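Enquirer: Just need the structure, nothing else, for what follows:
(3 chains)
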Amino acid sequence: MPTAAVQFRRYYRDLFSAYGPQHWWPAPTPFQVSLGAILTQNAAWTAVERSIANLHAAKALTLTGLLRVHEEDLRELIRPSGHIQRKAATLLNFAHWLKREHRGSFRHLAKLPMETVREQLLALHGIGPETADCILLYALHHPAPVVDEYLRRVASRHSLASEKANYEVLRQLTAAAFSGSAKDLNEFHALIVEVGKSHCRTRPQCNGCPLAKHLSASLTNL
DNA sequence: GACCAGGCACATC
DNA sequence: GATGTGCATGGT
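Expert: Predicted coordinates:
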């Protein structure tokens, strides 16, 4: 049995062959990447796009623009992506932190060590490990592994990790597979989301899934 | 009319 | 510490 790291690299190769580059993150500035990362928590990306369009119309896609919006109005702008009370508060938490601690500058933020920024992000209410790692990877271009439910399912069904493997375990496995390469980590996570949306919703049906050939015999016989 | 979506915080056991 | 549950909305 190959190591999980080797398997992850094989998945990456096969997914890239099947789907091609995903061009993540679909946003023009690191600030907008961060807003999207918060808004997409437990929400479909199509819903996030509608919220982003509302924020754009309200000129709230920049730090100063966002900070000019009252929290109640912000809730209405982001209504399409749900969880409006908590997400509005989180967006403002993030914006105030960026302004207060980092002069509102991603350039300043990018100079700090990845782990330092990660700790600060995790200390913000409403930002958990997945959102923090998305910001590190897609806004700051740090080599930060992102673990999501789809990766958890793939790893579990392919017997690479326990069904109950926590975020940290899968983060280490991913780091071991793509250590140091932000480019590969970027593409890998995007591809996992893509295959997850189309093939990993129900277990273990993988007909037509680019990863099906990697399934262990015990699973394919289910 | 369920079920899900590019999670998180908090209560409870 | 692990497991369950509320948060909110729109698409399928």
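Enquirer: so what's A:Ile78 closest to, chain neighbours aside?
Expert: In this structure, A:Ile78 finds its nearest non-sequential neighbour in A:Ser51, 4.4 Å apart by Cβ to Cβ, 6 or more residues apart in numbering. Every C-beta, even on glycine, is put in place using the N, C-alpha and C of the backbone.
Enquirer: and whichever strand or helix holds that neighbour, does that touch DNA strand B?
Expert: Taking DSSP states H and E as the definition, A:Ser51 sits inside helix A:45-57. Yes: with Cβ under 7 Å from any atom of the strand as the criterion, DNA strand B is reached by helix A:45-57 at A:45, A:47.
Enquirer: Show me what residue of chain A gets nearest to DNA strand B.
Expert: Going by Cβ to the nearest atom of the strand, DNA strand B is nearest to A:Gly128 of chain A, at 2.3 Å.
Enquirer: quick one: what helix or strand has the residue lying closest to that residue once chain neighbours are set aside in it?
Expert: In space, and not counting its chain neighbours, A:Gly128 is closest to A:Leu122: 7.3 Å by Cβ to Cβ, 6+ apart. Using DSSP H and E, A:Leu122 maps to helix A:114-123.
Enquirer: From the contact counts, what lies against that helix?
Expert: helix A:129-134 (3 or more Cβ pairs under 8 Å, 6 or more residues apart in numbering; DSSP states H and E).
Enquirer: From the contact counts, what lies against the helix it packs on?
Expert: helix A:30-39, helix A:114-123, helix A:167-178.
Enquirer: So A:Gln41: helix, strand or coil?
Expert: When classified by DSSP: H, G, I helix; E, B strand; the rest coil, A:Gln41 comes out as coil.
Enquirer: show me what contacts it?
Expert: A:83, A:87, A:130-131 (Cβ atoms under 8 Å, 6 or more residues apart in numbering).
Enquirer: which among those gets closest to DNA strand C?
Expert: Checking the contacts of A:Gln41 one by one against DNA strand C (Cβ to the nearest atom of the strand), the nearest turns out to be A:His83, at 4.6 Å.
Enquirer: Retrieve the pLDDT associated with that closest one.
Expert: A:His83 is assigned 97 on the pLDDT scale.
Enquirer: tally of neighbours for it?
Expert: A:His83 has 17 neighbours, counted by other Cβ atoms under 10 Å.
Enquirer: swap in A:Asn42?
Expert: Counted with other Cβ under 10 Å, A:Asn42 comes out at 9.
Enquirer: before we move on, what about A:Leu140?
Expert: 21.
Enquirer: so it touches A:Val117, yeah?
Expert: Yes: shown here, A:Leu140 and A:Val117 form a contact pair, counting by Cβ atoms under 8 Å, at 6.8 Å.
Enquirer: where does chain A come near DNA strand C, residue by residue?
Expert: A:42-44, A:46-47, A:50, A:79-86, A:164, A:166.
Enquirer: Next, the contact list for the residue in chain A that DNA strand C sits nearest to, please.
Expert: Relative to DNA strand C, the nearest point of chain A is A:Gly82 (2.2 Å; Cβ to the nearest atom of the strand). Taking Cβ under 8 Å, 6+ apart as the contact definition, A:Gly82 lies against A:42-43, A:47.
Enquirer: what residues does the helix or strand containing A:Glu76 touch?
Expert: Take DSSP H and E as the rule and A:Glu76 turns out to sit in helix A:71-77. For helix A:71-77, the external contacting residues (Cβ under 8 Å, 6+ apart) are A:51, A:54-55, A:58, A:60, A:66, A:69, A:84-85, A:88-89, A:91-92.
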